[in-house]
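Below are the sequence and a predicted model for it; my questions follow.
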Amino acid sequence: MRARVAAAAALLLGALPATPQGPGLWEQRPQLSIPRQEVAAAELDGRVYVAGGLVEGWAGTAIVERFDPSANAWTRIADLPTPLHHPGMAAVGGRVYAIGGYPGPFTPVAAVWAYDPGSNQWTARAPLPRPRGALAAVTIDGRIYAVGGVAQGVGVVGDLTVYDPAMDRWTPLPSMPTPREHLAAATTGGKLYVAGGRVPTNLPTLEAYDPGTNRWTRLRNMPTARGGNGAAALFGRVLVFGGEGTANFPQVEEYDPGTDTWRALTPMPTPLHGIYPAVLGDEVVIAGGGLVPGLLPTNRAFAFRYERPTTSCAVTPAVVPRPGSFTYAAGFTNPGRTRPVDLYLGYTWPPGLLALYRPDLSLEPFPAVTPSFANVLLPEGIALPSVPLVTHPAALLPPGSYSGFVVITALNALLDGRLDPGDLLASAAASFTVQ
(Lines give C-alpha, C1' and ligand atoms only; values in the text may rest on other atoms or scores of the structure.)
Protein backbone atom coordinates (compact mmCIF):
# COMPACT_ATOMS: atom_id res chain seq x y z
CA MET A 1 0.00 0.00 0.00
CA ARG A 2 2.74 2.50 0.92
CA ALA A 3 4.43 2.10 -2.47
CA ARG A 4 1.12 2.57 -4.28
CA VAL A 5 0.28 5.67 -2.24
CA ALA A 6 3.71 7.17 -2.86
CA ALA A 7 3.41 6.57 -6.60
CA ALA A 8 -0.07 8.07 -6.68
CA ALA A 9 1.02 11.11 -4.70
CA ALA A 10 3.97 11.64 -7.05
CA LEU A 11 1.63 11.62 -10.02
CA LEU A 12 -0.82 13.97 -8.33
CA LEU A 13 2.01 16.37 -7.59
CA GLY A 14 2.95 16.50 -11.25
CA ALA A 15 6.03 14.35 -11.71
CA LEU A 16 5.57 14.50 -15.50
CA PRO A 17 6.95 16.80 -18.19
CA ALA A 18 4.93 19.96 -18.81
CA THR A 19 3.52 21.22 -22.09
CA PRO A 20 3.41 24.91 -23.10
CA GLN A 21 0.87 27.03 -21.26
CA GLY A 22 -2.12 28.73 -22.86
CA PRO A 23 -2.13 32.50 -23.22
CA GLY A 24 -5.17 33.24 -21.07
CA LEU A 25 -8.89 33.90 -21.49
CA TRP A 26 -11.15 36.95 -21.39
CA GLU A 27 -14.77 36.95 -20.23
CA GLN A 28 -17.36 39.72 -20.05
CA ARG A 29 -18.73 40.83 -16.70
CA PRO A 30 -21.82 42.93 -15.87
CA GLN A 31 -21.44 46.59 -16.79
CA LEU A 32 -20.96 49.49 -14.40
CA SER A 33 -23.95 51.76 -13.94
CA ILE A 34 -22.23 54.67 -15.75
CA PRO A 35 -19.36 54.95 -18.22
CA ARG A 36 -16.15 56.26 -16.62
CA GLN A 37 -12.39 56.28 -17.09
CA GLU A 38 -9.39 57.07 -14.86
CA VAL A 39 -11.07 55.09 -12.08
CA ALA A 40 -9.56 53.42 -9.02
CA ALA A 41 -10.33 49.88 -7.87
CA ALA A 42 -9.48 47.38 -5.13
CA GLU A 43 -10.56 43.97 -3.89
CA LEU A 44 -11.77 43.45 -0.33
CA ASP A 45 -13.28 40.27 1.13
CA GLY A 46 -14.02 38.73 -2.25
CA ARG A 47 -15.65 41.81 -3.79
CA VAL A 48 -14.31 44.50 -6.15
CA TYR A 49 -14.79 48.19 -5.47
CA VAL A 50 -14.60 50.77 -8.28
CA ALA A 51 -14.48 54.41 -7.21
CA GLY A 52 -14.62 57.79 -8.92
CA GLY A 53 -13.32 58.49 -12.40
CA LEU A 54 -13.99 60.84 -15.29
CA VAL A 55 -17.41 60.72 -16.95
CA GLU A 56 -18.53 62.33 -20.22
CA GLY A 57 -17.35 65.92 -20.51
CA TRP A 58 -14.26 65.23 -18.39
CA ALA A 59 -16.22 65.74 -15.17
CA GLY A 60 -15.23 63.89 -12.03
CA THR A 61 -17.65 61.56 -10.25
CA ALA A 62 -17.99 60.44 -6.64
CA ILE A 63 -19.90 57.24 -7.51
CA VAL A 64 -18.61 53.99 -5.98
CA GLU A 65 -19.83 50.55 -7.06
CA ARG A 66 -19.11 47.12 -5.63
CA PHE A 67 -19.09 43.87 -7.61
CA ASP A 68 -20.24 40.73 -5.79
CA PRO A 69 -19.38 37.60 -7.81
CA SER A 70 -21.98 35.56 -5.91
CA ALA A 71 -24.73 37.79 -7.28
CA ASN A 72 -22.82 38.58 -10.50
CA ALA A 73 -23.92 42.18 -10.08
CA TRP A 74 -22.71 45.67 -9.21
CA THR A 75 -24.25 47.56 -6.29
CA ARG A 76 -23.93 51.28 -5.73
CA ILE A 77 -22.65 52.06 -2.24
CA ALA A 78 -21.85 55.30 -0.40
CA ASP A 79 -20.36 57.96 -2.69
CA LEU A 80 -16.91 59.33 -2.10
CA PRO A 81 -17.05 62.53 -0.01
CA THR A 82 -15.97 64.44 -3.14
CA PRO A 83 -15.78 63.71 -6.87
CA LEU A 84 -12.40 62.17 -7.60
CA HIS A 85 -10.48 60.92 -10.61
CA HIS A 86 -6.96 59.55 -11.07
CA PRO A 87 -6.63 58.44 -7.39
CA GLY A 88 -4.73 55.48 -6.06
CA MET A 89 -6.66 52.74 -4.30
CA ALA A 90 -5.88 49.78 -2.05
CA ALA A 91 -7.50 47.72 0.70
CA VAL A 92 -6.14 46.82 4.11
CA GLY A 93 -7.55 45.99 7.55
CA GLY A 94 -11.12 45.52 6.31
CA ARG A 95 -11.27 48.95 4.64
CA VAL A 96 -10.81 50.36 1.16
CA TYR A 97 -8.65 53.49 0.81
CA ALA A 98 -8.94 56.15 -1.90
CA ILE A 99 -5.65 58.04 -2.06
CA GLY A 100 -4.94 61.44 -3.61
CA GLY A 101 -6.22 62.11 -7.13
CA TYR A 102 -7.96 65.09 -8.68
CA PRO A 103 -11.32 66.27 -7.28
CA GLY A 104 -12.30 68.20 -10.40
CA PRO A 105 -9.71 70.22 -12.30
CA PHE A 106 -6.28 68.68 -12.69
CA THR A 107 -5.01 69.99 -9.35
CA PRO A 108 -4.01 67.05 -7.13
CA VAL A 109 -5.03 66.63 -3.52
CA ALA A 110 -3.40 64.87 -0.57
CA ALA A 111 -6.69 63.66 0.91
CA VAL A 112 -7.09 60.00 1.89
CA TRP A 113 -10.50 58.45 2.49
CA ALA A 114 -11.26 55.05 4.07
CA TYR A 115 -14.45 53.11 3.38
CA ASP A 116 -15.90 50.78 6.02
CA PRO A 117 -18.28 48.19 4.49
CA GLY A 118 -19.92 47.65 7.89
CA SER A 119 -21.08 51.24 8.25
CA ASN A 120 -21.17 52.09 4.52
CA GLN A 121 -19.28 55.29 5.28
CA TRP A 122 -16.12 57.07 4.14
CA THR A 123 -13.96 58.75 6.76
CA ALA A 124 -10.92 61.01 6.41
CA ARG A 125 -7.54 59.54 7.26
CA ALA A 126 -4.05 61.01 7.42
CA PRO A 127 -3.29 62.78 4.11
CA LEU A 128 -0.35 62.08 1.85
CA PRO A 129 2.82 64.06 2.65
CA ARG A 130 2.02 66.14 -0.43
CA PRO A 131 -0.82 66.22 -2.98
CA ARG A 132 -0.54 63.70 -5.81
CA GLY A 133 -2.70 62.56 -8.70
CA ALA A 134 -2.34 59.84 -11.37
CA LEU A 135 -0.52 57.64 -8.85
CA ALA A 136 -0.78 53.94 -8.03
CA ALA A 137 -1.09 52.01 -4.76
CA VAL A 138 -0.71 48.43 -3.54
CA THR A 139 -0.91 46.62 -0.20
CA ILE A 140 2.05 44.62 1.13
CA ASP A 141 2.06 42.98 4.57
CA GLY A 142 -0.72 45.12 5.99
CA ARG A 143 0.58 48.47 4.75
CA ILE A 144 -0.25 50.58 1.70
CA TYR A 145 2.48 51.78 -0.67
CA ALA A 146 1.59 54.80 -2.85
CA VAL A 147 3.96 55.46 -5.72
CA GLY A 148 4.56 58.03 -8.48
CA GLY A 149 2.12 60.53 -9.92
CA VAL A 150 1.94 64.30 -10.33
CA ALA A 151 2.68 66.47 -7.29
CA GLN A 152 1.20 69.94 -6.97
CA GLY A 153 3.68 72.61 -7.99
CA VAL A 154 6.35 70.03 -8.86
CA GLY A 155 5.13 67.92 -11.76
CA VAL A 156 5.89 64.23 -12.31
CA VAL A 157 7.48 62.60 -9.25
CA GLY A 158 8.88 59.28 -8.12
CA ASP A 159 7.51 59.60 -4.58
CA LEU A 160 7.08 56.37 -2.60
CA THR A 161 5.26 56.61 0.71
CA VAL A 162 3.98 53.87 3.00
CA TYR A 163 0.84 54.04 5.13
CA ASP A 164 0.46 52.27 8.47
CA PRO A 165 -3.29 51.92 9.18
CA ALA A 166 -2.73 51.17 12.86
CA MET A 167 -0.82 54.44 13.33
CA ASP A 168 -2.73 56.39 10.65
CA ARG A 169 0.60 57.68 9.40
CA TRP A 170 2.44 58.05 6.07
CA THR A 171 6.21 57.63 5.95
CA PRO A 172 8.39 58.68 2.98
CA LEU A 173 10.58 55.96 1.46
CA PRO A 174 13.31 56.10 -1.22
CA SER A 175 11.88 57.61 -4.38
CA MET A 176 11.40 55.51 -7.47
CA PRO A 177 14.45 55.89 -9.77
CA THR A 178 12.25 56.80 -12.76
CA PRO A 179 9.61 59.45 -11.92
CA ARG A 180 6.33 58.85 -13.80
CA GLU A 181 2.59 59.31 -13.71
CA HIS A 182 -0.31 57.32 -15.20
CA LEU A 183 1.73 54.30 -14.11
CA ALA A 184 0.70 50.78 -13.10
CA ALA A 185 1.69 48.86 -9.97
CA ALA A 186 1.29 45.34 -8.64
CA THR A 187 2.74 43.21 -5.87
CA THR A 188 3.97 39.64 -5.71
CA GLY A 189 6.57 37.93 -3.57
CA GLY A 190 6.43 40.79 -1.07
CA LYS A 191 7.76 43.32 -3.59
CA LEU A 192 6.26 46.33 -5.36
CA TYR A 193 6.51 46.30 -9.16
CA VAL A 194 5.93 49.51 -11.16
CA ALA A 195 5.39 49.19 -14.91
CA GLY A 196 5.16 51.85 -17.60
CA GLY A 197 3.77 55.32 -17.10
CA ARG A 198 4.79 58.57 -18.78
CA VAL A 199 6.87 61.77 -18.27
CA PRO A 200 5.13 62.83 -20.61
CA THR A 201 6.27 60.27 -23.21
CA ASN A 202 5.35 56.63 -22.59
CA LEU A 203 7.91 54.43 -20.85
CA PRO A 204 8.65 50.69 -21.03
CA THR A 205 10.31 50.88 -17.61
CA LEU A 206 9.87 48.18 -14.96
CA GLU A 207 11.27 48.81 -11.49
CA ALA A 208 10.79 46.90 -8.24
CA TYR A 209 10.96 48.02 -4.63
CA ASP A 210 11.83 45.54 -1.88
CA PRO A 211 10.56 46.63 1.58
CA GLY A 212 12.99 44.19 3.18
CA THR A 213 16.08 45.92 1.79
CA ASN A 214 14.48 49.36 1.27
CA ARG A 215 15.96 49.42 -2.24
CA TRP A 216 14.78 49.80 -5.84
CA THR A 217 15.96 47.57 -8.69
CA ARG A 218 15.74 48.24 -12.43
CA LEU A 219 14.39 45.20 -14.30
CA ARG A 220 13.92 44.24 -17.93
CA ASN A 221 11.80 46.72 -19.89
CA MET A 222 8.30 45.87 -21.04
CA PRO A 223 8.03 45.02 -24.73
CA THR A 224 5.44 47.82 -25.08
CA ALA A 225 6.08 51.35 -23.80
CA ARG A 226 2.80 52.76 -22.46
CA GLY A 227 1.06 54.98 -19.94
CA GLY A 228 -2.48 54.91 -18.63
CA ASN A 229 -2.03 51.17 -18.28
CA GLY A 230 -3.00 48.84 -15.43
CA ALA A 231 -1.25 45.98 -13.66
CA ALA A 232 -2.03 43.05 -11.38
CA ALA A 233 -0.29 39.91 -10.16
CA LEU A 234 -1.53 36.33 -10.59
CA PHE A 235 0.33 33.16 -9.57
CA GLY A 236 3.61 34.96 -9.06
CA ARG A 237 3.58 36.83 -12.40
CA VAL A 238 3.06 40.55 -13.03
CA LEU A 239 0.48 41.24 -15.75
CA VAL A 240 0.29 44.60 -17.53
CA PHE A 241 -2.88 45.59 -19.42
CA GLY A 242 -3.83 48.23 -21.98
CA GLY A 243 -2.80 51.87 -21.88
CA GLU A 244 -2.72 54.71 -24.39
CA GLY A 245 -0.40 56.37 -26.88
CA THR A 246 -1.46 57.58 -30.31
CA ALA A 247 -4.06 54.83 -29.90
CA ASN A 248 -5.07 52.47 -27.13
CA PHE A 249 -2.96 49.38 -26.57
CA PRO A 250 -4.65 45.97 -26.57
CA GLN A 251 -1.44 44.26 -25.42
CA VAL A 252 -1.34 42.12 -22.28
CA GLU A 253 2.20 41.29 -21.23
CA GLU A 254 3.35 39.00 -18.44
CA TYR A 255 6.55 39.41 -16.43
CA ASP A 256 8.21 36.48 -14.66
CA PRO A 257 10.27 37.74 -11.69
CA GLY A 258 12.12 34.43 -11.52
CA THR A 259 13.61 34.76 -15.01
CA ASP A 260 13.35 38.54 -15.59
CA THR A 261 11.52 37.87 -18.86
CA TRP A 262 8.35 39.07 -20.58
CA ARG A 263 5.90 37.29 -22.85
CA ALA A 264 2.67 38.21 -24.62
CA LEU A 265 -0.72 36.94 -23.43
CA THR A 266 -4.14 37.12 -25.08
CA PRO A 267 -4.85 40.79 -25.96
CA MET A 268 -7.70 42.72 -24.39
CA PRO A 269 -11.00 42.25 -26.27
CA THR A 270 -11.46 46.04 -26.08
CA PRO A 271 -8.28 48.13 -25.82
CA LEU A 272 -8.64 50.44 -22.81
CA HIS A 273 -6.71 53.09 -20.92
CA GLY A 274 -7.44 54.78 -17.59
CA ILE A 275 -7.97 51.39 -15.92
CA TYR A 276 -7.22 50.01 -12.48
CA PRO A 277 -7.23 46.17 -12.43
CA ALA A 278 -8.23 44.28 -9.28
CA VAL A 279 -7.52 40.62 -8.51
CA LEU A 280 -10.59 38.57 -7.58
CA GLY A 281 -9.74 34.95 -6.84
CA ASP A 282 -7.91 33.65 -9.91
CA GLU A 283 -9.17 36.46 -12.16
CA VAL A 284 -8.23 40.06 -12.88
CA VAL A 285 -11.30 42.30 -13.13
CA ILE A 286 -11.10 45.47 -15.23
CA ALA A 287 -14.14 47.75 -15.10
CA GLY A 288 -14.46 51.07 -16.91
CA GLY A 289 -11.73 52.86 -18.84
CA GLY A 290 -11.41 54.98 -21.94
CA LEU A 291 -12.10 53.66 -25.45
CA VAL A 292 -9.78 56.12 -27.20
CA PRO A 293 -6.84 58.10 -25.80
CA GLY A 294 -8.16 60.60 -23.28
CA LEU A 295 -11.79 60.19 -24.29
CA LEU A 296 -14.92 58.03 -24.50
CA PRO A 297 -15.38 56.50 -21.05
CA THR A 298 -17.03 53.08 -21.00
CA ASN A 299 -19.03 51.06 -18.50
CA ARG A 300 -17.80 47.75 -19.88
CA ALA A 301 -16.23 45.22 -17.55
CA PHE A 302 -14.02 42.23 -18.31
CA ALA A 303 -12.18 39.49 -16.43
CA PHE A 304 -8.90 37.90 -17.46
CA ARG A 305 -7.79 34.52 -16.20
CA TYR A 306 -5.45 31.72 -17.07
CA GLU A 307 -7.04 28.47 -18.20
CA ARG A 308 -8.28 26.41 -15.27
CA PRO A 309 -7.51 22.75 -14.54
CA THR A 310 -9.58 19.87 -15.84
CA THR A 311 -9.90 16.37 -14.43
CA SER A 312 -11.15 12.91 -15.34
CA CYS A 313 -12.41 9.95 -13.34
CA ALA A 314 -12.84 6.28 -14.21
CA VAL A 315 -14.06 3.26 -12.24
CA THR A 316 -13.59 -0.19 -13.75
CA PRO A 317 -15.37 -2.44 -14.31
CA ALA A 318 -18.66 -0.54 -14.67
CA VAL A 319 -20.49 -3.54 -13.17
CA VAL A 320 -18.67 -5.10 -10.22
CA PRO A 321 -19.69 -8.69 -9.37
CA ARG A 322 -19.25 -10.30 -5.97
CA PRO A 323 -16.68 -11.54 -5.27
CA GLY A 324 -14.66 -9.10 -7.25
CA SER A 325 -12.93 -5.73 -7.09
CA PHE A 326 -13.02 -2.31 -8.74
CA THR A 327 -10.29 0.15 -9.58
CA TYR A 328 -10.55 3.92 -9.14
CA ALA A 329 -8.52 6.13 -11.50
CA ALA A 330 -8.11 9.89 -11.89
CA GLY A 331 -6.39 12.21 -14.33
CA PHE A 332 -5.50 15.90 -14.35
CA THR A 333 -4.55 18.62 -16.80
CA ASN A 334 -3.55 22.20 -16.09
CA PRO A 335 -3.07 24.36 -19.20
CA GLY A 336 -2.78 27.45 -16.98
CA ARG A 337 -0.29 28.61 -14.40
CA THR A 338 0.97 26.43 -11.56
CA ARG A 339 -1.55 26.73 -8.73
CA PRO A 340 -2.27 25.20 -5.33
CA VAL A 341 -5.62 23.40 -5.10
CA ASP A 342 -7.59 21.04 -2.90
CA LEU A 343 -8.53 17.64 -4.35
CA TYR A 344 -11.58 15.69 -3.22
CA LEU A 345 -11.52 12.05 -4.34
CA GLY A 346 -14.25 9.59 -3.40
CA TYR A 347 -17.68 8.07 -3.99
CA THR A 348 -21.31 9.06 -3.67
CA TRP A 349 -24.49 6.99 -3.86
CA PRO A 350 -28.19 7.26 -2.92
CA PRO A 351 -29.49 8.63 -0.69
CA GLY A 352 -26.64 11.14 -0.79
CA LEU A 353 -24.04 9.29 1.26
CA LEU A 354 -20.49 10.41 0.65
CA ALA A 355 -17.10 8.82 1.25
CA LEU A 356 -13.78 10.54 0.68
CA TYR A 357 -10.30 9.16 0.33
CA ARG A 358 -7.88 9.98 3.08
CA PRO A 359 -4.27 10.80 2.17
CA ASP A 360 -3.42 7.10 2.60
CA LEU A 361 -6.18 6.26 0.07
CA SER A 362 -8.44 4.59 2.62
CA LEU A 363 -12.10 5.58 2.56
CA GLU A 364 -13.90 7.43 5.31
CA PRO A 365 -17.45 8.85 5.41
CA PHE A 366 -17.81 12.60 4.96
CA PRO A 367 -17.48 14.96 6.83
CA ALA A 368 -15.01 13.19 9.11
CA VAL A 369 -12.05 13.90 6.81
CA THR A 370 -10.33 16.89 5.32
CA PRO A 371 -9.81 17.03 1.54
CA SER A 372 -8.32 13.86 0.10
CA PHE A 373 -5.28 15.85 -0.93
CA ALA A 374 -5.05 19.35 0.57
CA ASN A 375 -2.82 22.05 -0.90
CA VAL A 376 -1.74 20.06 -3.94
CA LEU A 377 0.43 22.00 -6.38
CA LEU A 378 -0.83 21.43 -9.93
CA PRO A 379 2.11 22.26 -12.18
CA GLU A 380 1.78 24.41 -15.26
CA GLY A 381 1.21 22.28 -18.35
CA ILE A 382 0.61 18.97 -16.57
CA ALA A 383 -1.28 16.50 -18.78
CA LEU A 384 -1.85 13.34 -16.76
CA PRO A 385 -4.27 10.75 -18.21
CA SER A 386 -6.41 8.69 -15.87
CA VAL A 387 -4.04 6.72 -13.67
CA PRO A 388 -5.22 3.87 -11.39
CA LEU A 389 -4.87 5.04 -7.81
CA VAL A 390 -6.43 2.29 -5.70
CA THR A 391 -8.23 -1.06 -6.05
CA HIS A 392 -10.97 -2.07 -3.60
CA PRO A 393 -12.86 -5.35 -2.99
CA ALA A 394 -16.52 -5.12 -3.97
CA ALA A 395 -17.43 -6.19 -0.43
CA LEU A 396 -16.32 -2.74 0.73
CA LEU A 397 -19.61 -1.28 -0.52
CA PRO A 398 -23.21 -2.52 -0.19
CA PRO A 399 -24.93 -3.56 -3.43
CA GLY A 400 -26.24 -0.59 -5.40
CA SER A 401 -25.43 2.16 -7.88
CA TYR A 402 -22.49 4.46 -7.17
CA SER A 403 -20.56 7.35 -8.64
CA GLY A 404 -16.86 7.89 -8.25
CA PHE A 405 -15.79 11.52 -8.44
CA VAL A 406 -12.91 13.96 -8.53
CA VAL A 407 -13.45 17.59 -7.47
CA ILE A 408 -10.80 20.29 -7.73
CA THR A 409 -11.40 23.47 -5.74
CA ALA A 410 -9.40 26.58 -5.04
CA LEU A 411 -7.16 26.24 -2.00
CA ASN A 412 -9.19 26.26 1.26
CA ALA A 413 -12.35 27.06 -0.72
CA LEU A 414 -14.63 25.03 1.53
CA LEU A 415 -13.38 26.30 4.87
CA ASP A 416 -16.50 28.48 5.11
CA GLY A 417 -18.78 25.52 4.35
CA ARG A 418 -19.92 26.72 0.94
CA LEU A 419 -18.80 26.95 -2.69
CA ASP A 420 -18.50 30.53 -3.86
CA PRO A 421 -18.14 31.53 -7.53
CA GLY A 422 -14.68 30.58 -8.73
CA ASP A 423 -14.16 28.06 -5.91
CA LEU A 424 -15.04 25.03 -8.07
CA LEU A 425 -12.30 24.65 -10.66
CA ALA A 426 -13.09 21.22 -12.15
CA SER A 427 -15.04 18.03 -11.50
CA ALA A 428 -15.60 14.63 -13.08
CA ALA A 429 -17.63 11.54 -12.20
CA ALA A 430 -17.99 7.91 -13.31
CA SER A 431 -20.97 5.65 -12.54
CA PHE A 432 -20.66 1.99 -11.59
CA THR A 433 -22.75 -0.72 -9.96
CA VAL A 434 -21.91 -3.19 -7.25
CA GLN A 435 -23.99 -6.37 -7.55
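Okay, I see it.

Ramachandran angles for Ala395?
Backbone torsions of Ala395, given as degrees, to the nearest 10, read phi -60, psi -10.

can you check Leu425 too?
Phi and psi for Leu425, reported as degrees, to the nearest 10, are phi -90, psi -40.

List the residues that contact Gly196.
Listed by C-beta atoms under 8 Å, 6 or more residues apart in numbering, the contact set of Gly196 reads 180, 183-184, 202-206, 222, 225-227, 229, 231, 240, 243. All C-beta atoms are positioned from the backbone trio N, CA, C, and that covers glycine.

Please apply the same query to Pro177.
Pro177 sits next to 158, 207, 216, 218 when contact means C-beta under 8 Å, 6+ apart.

Let me see the contact set for Thr187.
Here Thr187 is in contact with 138-140, 145, 193, 233 (criterion: C-beta under 8 Å, 6+ apart).

Could you identify which of those residues has the most neighbours?
Within the contacts of Thr187, most neighbours by other C-beta atoms under 10 Å means Val138, with 25 neighbours.

Quick check: chain neighbours aside, which residue is closest to that residue?
Of all residues not flanking Val138 in the chain, Thr187 sits nearest, at 4.4 Å (C-beta to C-beta, 6 or more residues apart in numbering).

what sits opposite that neighbour in the beta ladder?
Using DSSP bridges, the bridge partners assigned to Thr187 are Leu192.

Model confidence for Val292, exactly?
Looking at Val292, its pLDDT is 94.

and the closest residue in space to it that isn't next to it in sequence, what are its bridge partners?
In space, and not counting its chain neighbours, Val292 is closest to Asn248: 6.4 Å by C-beta to C-beta, 6+ apart. For Asn248, the beta-bridge partners are Glu244 (DSSP bridges).

Contact partners for Asn248?
For Asn248, the contact set (C-beta under 8 Å, 6+ apart) comprises 242, 271-273, 290-293.

circling back: and the residue nearest to Val138, what's its pLDDT?
98.

Greatest separation within the contacts of Pro177: which pair is it?
For the contacts of Pro177, the farthest-apart pair by C-beta to C-beta is Gly158 and Arg218; their separation is 12.6 Å.

Look at these two and report which has more neighbours.
Neighbours per residue (other C-beta under 10 Å) separate Gly158 from Arg218, with Gly158 holding more: 22 against 11.

Gly148 is in contact with the more buried one, correct?
Yes: the pair Gly158 / Gly148 is scored as a contact, 6.2 Å apart, by C-beta atoms under 8 Å.

who touches both of those two?
Common neighbours of Gly158 and Gly148 (criterion: C-beta under 8 Å, 6+ apart): 176, 179-180.

And for Ser70, the neighbour number?
Neighbours of Ser70 under the rule other C-beta under 10 Å: 11.

In contact with it, which residues?
By C-beta under 8 Å, 6+ apart, the residues touching Ser70 are 420-421.

do you know how far it is from Gly281?
Distance of Ser70 to Gly281, given as C-beta to C-beta, to the nearest Å: 12 Å.

what do you get for Val39?
The gap separating Val39 from Gly281 is 20 Å, by C-beta to C-beta.

Have a look at these two and say which one is more surrounded.
Taking other C-beta under 10 Å, Val39 and Gly281 do not tie; Val39 has more neighbours (30 against 18).
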